[in-house]
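> below is the structure, and that's it, no one-letter string:
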Ligand SMILES: Nc1ncnc2c1ncn2[C@@H]1O[C@H](COP(=O)(O)OP(=O)(O)OP(=O)(O)O)[C@@H](O)[C@H]1O
């Protein structure tokens, strides 16, 4: 046992969002959790302070996972229950517990929305429905047929156990069987001596009691749900302890009389769950109007084949604990108080058990409550366990939240020693199933023996209940149809109203459009005025410029005046000075002469002076008058101009400002109108509805237009494709015709050439035949001659032999007889003659052979020229014709003509266009073409002839 790894139980915290009650109570959020998940710390501030103080005074708890308000059911299942579920499939016993104060989401987490929608679970489905679906999915995926799944559903309420699936609760006649927690014989983990070690060594097994209870007959429900509680036959009961591999550790807690139901699908499991939930005791308290004050345990048992003889048994306990709030807070009284007390009794014991396990105490008070006895194996035992603590974020529940978090963080220290579950022998299982079958068969028999339909009381009740249920369902459906109809009518009415509203909105929008048009008009006019104003300002600038120029003119004139004055003064004073000096000189002269008329001179000087001053005066007067006159002349003009400019500007500015005021007032009036209109009329209406209608209509229009677009697109595509097809076919046809025409054009000269070549070939054939005939006759002649020669040679040989015989006979008379001498001479002459004849024949044959060679060579030459790869067909044919026409025929033998045979061949197969007529003529030819190479028989024949001749010649010799 010590080899088995110790595992801390997994602890998660799930914090929901604030509920209606908490929002209405304006209770602030005091719990800090992530929005979804990702952290393993949760902190709570119970001090009532805010800001940094709150942060400093808050208490932080560390767990394995924290889920915030946005964590959905799927995430919680995936993170917490699914890992355990995988171990459950492997054969481990697993437990998932939800713990927390009422209305924090325990039932939501464990069960959630268990209903099926089109055979599927909703997003809000909790752990139990998800496990039910997962288990069948997993086993079906594994293609495993050798498994069996059973379910049970038990409630612990007021320290009383209740089988939530026992139909006797619904029946008036049947009393539900009492459930009892039952320690298997080997269990040493009792209340007094219960120790952590003992509990851990407990191995889950299928005990007799469990079977006794699970096999309790319930044919009615089995028939309905194709499943049912099974009863272990006696033999199986006795066989059971031996079948368990962990028999020596057999010390599990079991519930006597608890019914277990076979399920063949997840849906059957869901139906069982729903049936059990209906039975669940629900009482209302101050804390939660629908608060459940009971603990429930939904158990899924998996019997999975592990070898030929045994099935492995694993259990998944899904525990929804009652609310953990304390009795004072709940305000429950009387019966409720008792209930609350008992709940607390269980939960308090659970707390103590958790504390003891966390502190590793020797004594663990499992036996002090039924809840802890039930959970004995899940806490510190062989089970893999996960605890989900559900909490509220609101300040009003902070006390309970703290207590829940304390429990959770304590529970995190509990260590389990998970072990793979026990085995059950195949025989035992088969026997239990056989027992069931026997029962079903007997029921069937009794049914058959009756005329009508027979069914047991229970079954009948079941069916009646079912019928009632269906009736209720039908009524509900009718009601919902009516509801839907009413809603539909309302919706139609609303639609009408919204249509009207829409129309009026449209009119208003049109109005608004007109107003905006008008405003735009005004703004345009305003713009024009601004333009005018800017023109005026420009004019003003110009006038200013003119004024500046005038001023400059004045300044220049003044300058000129001053210069002239200076000039006049300088000239006059200079001349005066000169004349004065002259006069003084004169005076001096006169003084010397004593004849000076002083008075006269003085008079003259004074006259001169007064004249000068007069002139000066007059010229200065003249200049100043001129200047003044100039100023007087020009000034009114300038001033007039300036004045008129200023007047202009003033009038324009006045006009502009008045029009500005008018426009501004009218714009502000329009703006106010618009604002009023928007405030009072436009937004006053339920624009959301109008918007919805618009959205709906737009959607429909979009859909219609999308459809029509698609349709037209399809039509266009089809048309396009059809056109393409037609034009492709046409172009292909015309291209093919063109190609054929061109090819035919190209073929024509070739055809003519072919025809010509065929004629040539035919001619060749004729020539060839003639040549062959000639050759044959020549050879025949040669043969005749050779035969003659051979005949005469033979005759000569016979003669010689005769002569030799005579020679022998007359040898004795040879020397003296002149006749003999004459005979010998005659023989000699005949021999010479014969020799000459043989020599002639041999010469003739040699000449004939030479002719054969020449003929052969000429044919080879001819063919090699014709089959040259560099030549095209036309050239070959031309050559051929040329050779036929121009080549001098070599005399041969008696025919005296050149034998010729043309095998027209083309280098490449693809170039060959074989004419039927040519083929025919070729096939009639005595000389064949093999593999395109010409092969003439004449050399062989010739060689044979030569051999023959030389043989004959040798014989003759
Ligand atoms: N995480 C959550 N997300 C959405 N709704 C939730 C969540 N938790 C709880 N609720 C809702 O809060 C209400 C109370 O939840 P639930 O009945 O599960 O609480 P409980 O802890 O089981 O209470 P009790 O102890 O009284 O049985 C339910 O309507 C449930 O849908």
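Noted; the coordinates are in hand. The structure displayed is predicted, hence computed values, not measured ones.
> quick check: residues of this protein near the ligand?
Residues of the chain lying near the ligand by CB under 6 Å from any ligand atom: 16, 19, 100, 102-108, 288, 291-292, 322-323, 390. Using the backbone N, CA and C atoms, a C-beta is placed for each residue, glycine as well.
> the same query, at a cut-off of 8 Å, please.
14-17, 19, 67, 69, 71-72, 98, 100-112, 124, 285, 287-288, 290-293, 320-323, 390 (CB under 8 Å from any ligand atom).
> report the buried members of those.
Neighbour-count burial (16 or more other CB atoms under 10 Å) applied to the residues of the chain next to the ligand gives 14-16, 19, 67, 71, 98, 100-112, 285, 287-288, 291-293, 320-323, 390.
> narrow these to those in strands?
Assignment to strands by DSSP state E places the following of these there: 14-15, 67, 98, 100, 320, 390.
> of all those, which two lie farthest apart?
Using CB to CB, the two most remote members of those are 15 and 320, lying 17.9 Å apart.
> tell me what the helix or strand hosting residue 660 is packed against?
Using DSSP states H and E, residue 660 sits in helix 598-676. If you count contacts as 3 or more CB pairs under 8 Å, 6 or more residues apart in numbering; DSSP states H and E, helix 598-676 packs onto helix 457-593.
> what pLDDT is listed against whichever residue of the stretch 101-250 of the chain sits closest to the ligand?
Going by CB to the nearest ligand atom, the ligand is nearest to residue 105 of the stretch 101-250 of the chain, at 2.4 Å. We note a pLDDT of 93 for residue 105 in this prediction.
> for it, what are its contacts?
Contact analysis of residue 105 by CB atoms under 8 Å, 6 or more residues apart in numbering lists 14, 16, 390.
> got the domain ranges for this structure?
7-433, 457-682, 743-956 (automatic domain parsing).
> for stretch 528-538, give the mean pLDDT please.
Rounded mean pLDDT across stretch 528-538 is 82.
> over to stretch 13-22?
92.
> compute the first-to-last residue distance for that stretch.
The first residue of stretch 13-22 is 19 Å away from its last residue (CA to CA, to the nearest Å).
> got a list of contacts for it?
27, 29, 31, 33, 42, 61, 63, 65-69, 71, 76, 103-105, 108-109, 388-394, 396-397, 405, 408.
> just the buried ones from the residues you listed, in PyMOL syntax?
Buried residues among the contacts of stretch 13-22 (16+ other CB under 10 Å), as a PyMOL selection:
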select buried, resi 27+29+31+33+42+61+63+65+66+67+68+71+76+103+104+105+108+109+388+389+390+391+392+393+394+396+397+405+408
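> take the contacts of stretch 13-22 and keep only those in helices.
Among the contacts of stretch 13-22, the residues falling in helices (DSSP state H) are 76, 108-109, 405, 408.
> any chance of those in JSON lines, with pLDDT too?
Listed next are those as JSON lines, based on pLDDT from 0 to 100:
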{"residue": "76", "pLDDT": "94"}
{"residue": "108", "pLDDT": "94"}
{"residue": "109", "pLDDT": "95"}
{"residue": "405", "pLDDT": "92"}
{"residue": "408", "pLDDT": "90"}
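> from the residues you listed, which is closest to residue 46?
Nearest to residue 46 among the ones in helices among the contacts of stretch 13-22, with distances taken as CB to CB, is residue 405, at 10.6 Å.
> now for that closest one: which residues touch it?
13, 42, 44, 59, 61, 389, 391.
> same deal with residue 561?
623-624, 627.
> again, but for residue 165
Contacts of residue 165 by CB under 8 Å, 6+ apart are 151-153, 221, 259, 261, 272, 275-276, 279.
> and for residue 715, the neighbour number?
Residues near residue 715, counting by other CB atoms under 10 Å, number 10.
> just the element for it, please.
Per DSSP H and E: residue 715 is located in helix 687-809.
> for residue 96, same thing?
Judged by DSSP H and E, residue 96 forms part of strand 94-100.
> helices and strands around that strand, which ones?
helix 82-90, helix 106-110, strand 310-320, strand 384-391, helix 398-411.
> tell me the confidence at residue 70?
pLDDT, residue 70: 92.
> check contacts around it.
Per CB under 8 Å, 6+ apart, neighbours of residue 70: 35-36.
> circling back to that earlier point, which residues touch the strand holding residue 96?
Strand 94-100 is contacted by residues 80-81, 84-85, 87-88, 106-107, 109-110, 127, 314-321, 323-324, 375, 377-378, 383-391, 404, 407-408 when judged by CB under 8 Å, 6+ apart.
> got TSV for the contacts of residue 561, with pLDDT and neighbour count too?
Formatted as TSV, those follow (pLDDT from 0 to 100; neighbours: other CB atoms under 10 Å):
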residue	pLDDT	neighbour count
623	72	17
624	70	13
627	70	18
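> quick one: which of the residues you listed is nearest the ligand?
residue 627 (104.0 Å).
> for that closest one, what are its contacts?
Residue 627 touches 557-558, 561, counting by CB under 8 Å, 6+ apart.
> which one of those is nearest to residue 724?
When those are compared for distance to residue 724 (CB to CB), residue 557 wins out at 94.5 Å.
> how many neighbours does that closest one have?
For residue 557, the neighbour count with other CB under 10 Å is 15.
> got a list of what it touches?
Contacts for residue 557 (CB under 8 Å, 6+ apart) come out as 627, 630-631.
> at 7 Å instead, please
627, 630 (CB atoms under 7 Å, 6 or more residues apart in numbering).
> before we move on, back to that, now the contacts of residue 405 as a markdown table including distance to residue 654?
Shown next, in a markdown table, are the contacts of residue 405 (distance: CB to CB, whole Å):
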| residue | distance to residue 654 |
| --- | --- |
| 13 | 79 |
| 42 | 76 |
| 44 | 75 |
| 59 | 79 |
| 61 | 81 |
| 389 | 83 |
| 391 | 77 |
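> taking these together, which two end up most distant?
Longest distance between any two of the contacts of residue 405 is 14.6 Å, between 59 and 389; criterion CB to CB.
> excluding chain neighbours, what is closest to residue 298?
If the residues on either side of it in the chain are set aside, residue 298 comes closest to residue 318, at 4.5 Å by CB to CB, 6 or more residues apart in numbering.
> relative to the ligand, which residue of the stretch 351-500 of the chain is the closest?
For the stretch 351-500 of the chain, CB to the nearest ligand atom, closest residue to the ligand: residue 390, 5.7 Å.
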